[in-house]
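S.K.: This is the structure alone, sequence omitted:
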Ligand SMILES: [Zn+2]
């Protein structure tokens, strides 16, 4: 039974996906204490990945922690160097200042903010620049407000076709979508079949945004995280495991 009075059941993708089999550890590398996450997987070797969220080690299911620690120590200089690079990238998603040269992430690419005077407001995105034309390019609050509003419209523009396309694949009518500014959710779906997507998905690579949409569309069928739910997600997004991992890294970057 569906009733407007009853509060809707909500399923949301949090900043950190707790459905993954990850665990956090610490190791001393040189003078640094480095946190790392271990992801057990069907694989033969130990793989180290450095992202904005830190260090992730992918290891065979049976590999002892001391073997993982040894691998990290062997590659300590590389790990520390990559971590330093990522630390500087953390702030580059949404501009802290809307001034020329500020970095901004658009659909996974880091662009440089470009401001120019113009009679009419306009935004153009190319391979390297996020160019804002504005009557008062030095009026930072006005430029910021215009830029943020444009990004919200852009989020709806790029996400709507994904929602329609993925809904079609489960033979469902495209659900109405609402944009959210939730601080700690990429998306959510409730028992009334309403989907909310975080406007900040516009900053992420298209493939990750598509995964969030696929996840919420799958909730139209299964409002849980059961094996049946994940099986459906897998048919809608082939690389969903990797996408979940990368999503957690972007979440950490947005929080930084
Ligand atoms: Zn979910």
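M.R.: Yep, that arrived. Remember, it's a predicted structure, so these values are computed and weren't measured experimentally. Numbering: from 1, shown residues only.
S.K.: Neighbouring strands of the helix or strand hosting residue 114 in the sheet, and parallel or not?
M.R.: Per DSSP states H and E: residue 114 is located in strand 109-117. Using DSSP bridges, strand 109-117 pairs in its sheet with strand 103-106 (antiparallel), strand 129-134 (parallel).
S.K.: how far does it sit from the chain's center?
M.R.: 22 Å (Cα atoms, centre = their mean, to the nearest Å).
S.K.: Would you mark the buried spots in that strand?
M.R.: 111, 113, 114, 115 (16 or more other Cβ atoms under 10 Å). Backbone N, C-alpha and C define where each C-beta goes, glycine included.
S.K.: ok, residues contacting that strand?
M.R.: 89, 92, 95, 98-105, 125, 127-138, 143 (Cβ atoms under 8 Å, 6 or more residues apart in numbering).
S.K.: Next: stretch 236-246.
M.R.: 17, 19-20, 39, 51, 56, 166, 169-170, 205, 207-208, 210-211, 214-215, 217-218, 230, 233-234.
S.K.: now stretch 41-56
M.R.: 22, 34-39, 57-61, 63, 67-68, 71-72, 75, 79, 82-83, 86, 89-90, 245-246, 248-253, 256.
S.K.: out of the strands paired with strand 109-117, which comes closest to residue 120?
M.R.: Within those, the stretch nearest residue 120 is strand 129-134; the backing value is 7.1 Å (Cβ to Cβ).
S.K.: now that closest one, how far from the centre of its chain.
M.R.: Distance, centroid of strand 129-134 to centroid of chain: 24 Å (Cα atoms, centre = their mean).
S.K.: hang on, the earlier thing: now the contacts of stretch 236-246: which count as buried?
M.R.: The buried subset of the contacts of stretch 236-246 - by 16+ other Cβ under 10 Å - is 17, 39, 51, 56, 166, 205, 208, 210-211, 214-215, 217-218, 233.
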